[in-house]
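Q: I would like to see how this sequence folds:
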Amino acid sequence: MVLSGAGEKIEGKEAEQLLETLLPDGERVAQLERLIEQLGSEKFSERKAAMEQLLAAPLIPARLLGRGLKSDNPEIRNRTREISRQGGARKSQAVFEDALRALLKEGRKGLLGKVVEVMENGVTIRDAALAARATVETVVEGDLALLQRLAGGDTATARGMAAVGGEVLGPHGMPILRILLKDRDSPVKLRAAIGLANQGSLEGARTLGEFLLSGDATERMKAWKGLRSLTGREFGYNALDSVAKRREGAAKWIRFLRGEVALTGKVKELKSAQLFNGKDLTGWTHYRRGKAVEPGEKTWSIEEGVLVCPGMGPGDLRTNDEFENYLLVISYRAAEPGADSGVGVMMTGVKGKPADRFRFDGGDYLEVQLLPGRSGDLYRIGDFKAQVEGKDLGFAHRRKIEVEEPLNQWHEMRLQVRDGQVKVYINGVLVNEASGREGPGRIVLREERSQFEFREISLLPAGE
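A: Numbers count the residues shown, from 1 in each chain. This is a model prediction of the structure:
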């Protein structure tokens, strides 16, 4: 038996066509059911053929995989588990994201129904921002019922789509936004608050005030700058100030918002600077031993939007510009236990002097380690002066909290740099702190003797 659609090419298809490939009809579902049962066949040739076809299938509905994982036959359970790990789920995610990108490119309205149907068939999406942008692009006035279904979804991505879609619908979408204002996922709740505030709702603005005390710096900045845009008021609050200063300013905001406040503006999108554009090394220069890499020499590469360190150091990739007072967000991945890299901040001018006995980095800066099991450790490179816990940083300082960093998975590092103070977060956990010099400096990605991958590299200004 040949499974129709297995291994079919999807390149060049339009958004609607791509979505259709992820919506198996009754006949295909029946074929998939038979193949899953065939995984327990006594004949090796039948088991092998079923496995190959299931691995090639562009989509296997989640309910069918769940049935295989719960089978009384251990052979079916084991093989279904392997299919889930390396087969249909990842492929269908990739096709779904391609469909959403095509939707954005085409500017297609009215496809939300198919998007929701794909999600309800068990296809997940990893890129929540892409899902939100696609929702904004395709939603139309008649999609209220679809947004209500998304608002009741199990995933934060689905509920986030409902929030942005509800804002697009304006007054008609406000009931959805009010429901999501109580969401358990803070980004969804924040999005709903912004949507309501932009419709003139004090309920939304007051919820933004709660986010001024968030432990997430990005959420704090969105709330802070949003409230300023809505009201034109200032209360001495800054999202990257110390906790004590933030509490003092937040208390003033919250007291103010308890009154009858006139919302005269709109919340603007918090514009981040994308230091890595996903296409090339614009804005960066590659150095080895303090000298710019010559044309033709192997350098950092971009593979499917991922920045890949060649692992031929010692060297570094430096921003051409200097930055002061910011939140730096970096998404990184390591494939091997010893994969080594690092992020440098506050880098001063090129001096060409050795940082230690064998590396020539060409400048002084604070390095934040990227090494599985040690990410977040701090190193003093060159003559950089820093203090940790009130004492001079000699050379290195271990992170104070352990976090899990599984290999071959994307992790997020956030670096808050303000007035010489540096805070290091790994996957949302504060793992280290230090103080160094004030003033602008370059940002550095270190090139060691191993490959390392980066995806998002964005910078949010700390503001006034």
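
Q: got the buried residues for the one helix or strand residue 37 maps to?
A: Taking DSSP states H and E as the criterion, residue 37 maps to helix 26-38. For helix 26-38, the buried set under the neighbour-count rule, 16 or more other CB atoms under 10 Å, comprises 28, 31-32, 35-36, 38. No exception for glycine: its C-beta is placed from N, CA and C like everyone else's.

Q: how near is residue 224 to residue 230?
A: Distance, residue 224 to residue 230, by CB to CB, to the nearest Å: 11 Å.

Q: ok now do residue 138, which residues does it touch?
A: 103, 108-112, 115 (CB atoms under 8 Å, 6 or more residues apart in numbering).

Q: how about 6 Å then?
A: By CB atoms under 6 Å, 6 or more residues apart in numbering, the residues touching residue 138 are 103, 108-109, 111-112.

Q: Just name the closest of the residues you listed to residue 435, please.
A: residue 103 (46.7 Å; CB to CB).

Q: tell me the phi and psi of the closest one?
A: Dihedral pair for residue 103: phi -60, psi -40, per degrees, to the nearest 10.

Q: Would you check that it makes contact with residue 134?
A: Yes. Using CB atoms under 6 Å, residue 103 is in contact with residue 134, at 5.1 Å.

Q: returning to what we had before: out of the contacts of residue 138, which is most surrounded?
A: Counting neighbours by other CB atoms under 10 Å, residue 103 leads those with 26 neighbours.

Q: With pLDDT as extra columns, can I get the buried residues of helix 26-38 in a markdown table?
A: Shown next, in a markdown table, are the buried residues of helix 26-38 (pLDDT from 0 to 100):
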| residue | pLDDT |
| --- | --- |
| 28 | 76 |
| 31 | 87 |
| 32 | 85 |
| 35 | 92 |
| 36 | 91 |
| 38 | 92 |
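
Q: tell me the two of the residues you listed that are most distant?
A: Greatest spatial distance among the buried residues of helix 26-38 (CB to CB): 28 and 38, at 15.2 Å.

Q: low pLDDT regions in this protein?
A: Of all residues in the chain, those with pLDDT under 70 make up the ranges 1-13, 58-59, 86-90, 240, 242, 349-362, 462-464.

Q: In it, which strand is the longest?
A: Looking across the chain with DSSP state E, the single longest strand is strand 452-461.

Q: returning to that earlier point: looking at the contacts of residue 138, which is nearest residue 145?
A: Of the contacts of residue 138, the one sitting nearest to residue 145 (CB to CB) turns out to be residue 112, at 10.2 Å.

Q: For that closest one, list the residues it contacts.
A: 138-139, 143, 146.

Q: do that again at 8 Å, thanks
A: The contact partners of residue 112, taken as CB under 8 Å, 6+ apart, are 135, 138-140, 143, 146-147, 165.

Q: Alright, calling it a day.
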